[in-house]
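Student: Dropping the sequence and predicted coords here.
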Amino acid sequence: MSRSLRLSEHRGLRYALLAVGWLSVLLGVIGIFLPVLPTTPFLLLAAACFARSSERFYHWLIEHPKLGPWVRDYLDGNGIPLKGKVYSIGLMWTSISISCYLVQRPWAWIFMLTSATLVTVYILKQKTLPRR
């Protein structure tokens, strides 16, 4: 499973991506134990951040015996678990709804609702990983 990585040339961006990547790993691990928090999207975000910031951490994540399968299934084109899709879409729409309630700006509503709709369509178009 050899993937070519494009590391960022900007040192500050690499550090920011590393920070977001490790925060995503932390949230993904918490999501394994906390049913309200989705695991797959956070680990995919971590993999994307590490792919641009650290080859070492990227390979650590995708080769990890417990976390790696969550990422590899998606990267290999096998799909996203149904549970991951449901949690991702549900939490996203919950947070967008709360944000729309709190932010009383119609232009912000349009932006948030359009973004949420596009992300939902993207997630739904991804192959669903069959149960093992």
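Tutor: Good, I have the coordinates.
Student: How about the residue sitting nearest the centre point of the chain: what's its closest non-neighbour residue?
Tutor: The geometric centre of the chain, computed from its C-alpha atoms, lies nearest to Pro41 (Cα atoms, centre = their mean), at 2.7 Å. Nearest non-adjacent residue to Pro41, counting by Cβ to Cβ, 6 or more residues apart in numbering: Ser88, 4.9 Å away. (Each C-beta comes from the backbone N, C-alpha and C, glycine too.)
Student: ok now the helix or strand harbouring Trp109, how far from the chain's centre?
Tutor: Using DSSP states H and E, Trp109 maps to helix 106-125. For helix 106-125, the separation from the chain centroid amounts to 16 Å (computed by Cα atoms, centre = their mean, to the nearest Å).
Student: And that helix, what's buried?
Tutor: By neighbour count on 16 or more other Cβ atoms under 10 Å, the buried set for helix 106-125 is Met112, Ala116, Val119, Thr120, Ile123.
Student: so how far is Trp107 from the residue nearest to the centre of the chain?
Tutor: Remark: distance between Pro41 and Trp107 (Cβ to Cβ, to the nearest Å) = 27 Å.
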